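A.B. asks: Fold the following.
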Amino acid sequence: MTRGKKSDQRDEPDDGVAMPGANQRATAGKPGGKFEELREMKKSFLQYETTRFKREECRLRNMEQPFSRIQEQVSLIKEKDDSKGSTGTNSDAEAAQILAENRRLMREQKEKEEQLRLQREEEEKLRKEEEMRLAEEAHLIRLQEEKKLAEEKKIKDEEDALLAEEERVKMAEKIRQERERVMQQNQQERRERKNQIPKRKKGKLPSEFTPPP
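C.D. replies: Model (predicted):
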């Protein structure tokens, strides 16, 4: 295995991070196995993280740290691989170590996502409870206001009814007094006319005199 073939394998497109040991496997004509699984998991991991970062960039910025750690580890192993020259190959232990690190990072990611989900659910629960509490308070305040307005309206209606009754009584009394005054006046006029008739009979009345009715 020559360094020229090794360089050609490194020029192949990858997912953005050179995987240690991939060139030796490709040169040896033995794709698959742990390195192939590692590459696929790495690609899936990066794609999944990219999507997650677009949705929750602010809340998952700390996820960049695991990427830095694994990239540092990959760089160290790559430097170690380069120092071996054409005679060195990556061991299965190194590949297993990287694979285990990837799995650990994915497990940590899932745990963080679960924590975030539980936190969002708790926040949503508290928000709904607060909304319900505020709505209940608003409902009670509205009921109190309606009760107060109803009591004020009842008092005003009673006052208006009392004033109307007083006005009716005053008007009825005024009418009664007016009728009584008219009756007294009529009676007085009749008495005066009766008193005038005997006086006229005693005196000399002209023949054409006609007593009033």
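
A.B. asks: Helix or strand: which one has the closest residue to residue 103 other than its chain neighbours?
C.D. replies: Distances taken as C-beta to C-beta, 6 or more residues apart in numbering put residue 41 closest to residue 103, at 7.7 Å, once the chain neighbours are dropped. In this view, the C-beta of every residue, glycine as well, is placed from N, C-alpha and C. Under DSSP states H and E, the secondary-structure element containing residue 41 is helix 33-55.

A.B. asks: Equivalent analysis for residue 142, please.
C.D. replies: helix 92-202.

A.B. asks: Can you name every helix or strand that that helix contacts?
C.D. replies: helix 33-55, helix 64-84 (3 or more C-beta pairs under 8 Å, 6 or more residues apart in numbering; DSSP states H and E).

A.B. asks: between the ones you listed, which gets the lowest average pLDDT?
C.D. replies: Lowest mean pLDDT within the helices and strands packed on helix 92-202: helix 64-84, a mean of 60.

A.B. asks: Specify which residues of this protein, grouped into ranges, have pLDDT under the cut-off.
C.D. replies: 1-39, 42, 49-50, 52-90, 198-213 (pLDDT under 70).

A.B. asks: Kindly recompute the last result at 50.
C.D. replies: 1-32, 85-89 (pLDDT under 50).

A.B. asks: For residue 107, give its distance to residue 97.
C.D. replies: Going from residue 107 to residue 97 by C-beta to C-beta, to the nearest Å gives 16 Å.

A.B. asks: Please apply the same query to residue 137.
C.D. replies: 59 Å.

A.B. asks: Neighbour count for these two, which is higher?
C.D. replies: residue 97 (13 against 10; other C-beta atoms under 10 Å).

A.B. asks: gap between that one and residue 44?
C.D. replies: On the measure of C-beta to C-beta, residue 97 and residue 44 end up 19 Å apart.

A.B. asks: Next: residue 145.
C.D. replies: From residue 145 to residue 44 the distance is 60 Å (C-beta to C-beta).

A.B. asks: One more: residue 122?
C.D. replies: From residue 122 to residue 44 the distance is 30 Å (C-beta to C-beta).

A.B. asks: go on, residue 146?
C.D. replies: 61 Å.

A.B. asks: Comparing those two, which shows the higher neighbour count?
C.D. replies: Regarding residue 146 and residue 44, a neighbour count based on other C-beta under 10 Å identifies residue 44 as having more, with 13 against 10.

A.B. asks: how close does that one get to residue 99?
C.D. replies: The value you get for residue 44 to residue 99, if C-beta to C-beta is used, is 13 Å.

A.B. asks: Residue 185 too?
C.D. replies: 126 Å.

A.B. asks: Which one's more surrounded, the two?
C.D. replies: residue 99 (17 against 10).

A.B. asks: quick one: the more buried one and residue 45 touch, right?
C.D. replies: No. Assessed by C-beta atoms under 8 Å, residue 99 is found out of contact with residue 45, at 11.3 Å.
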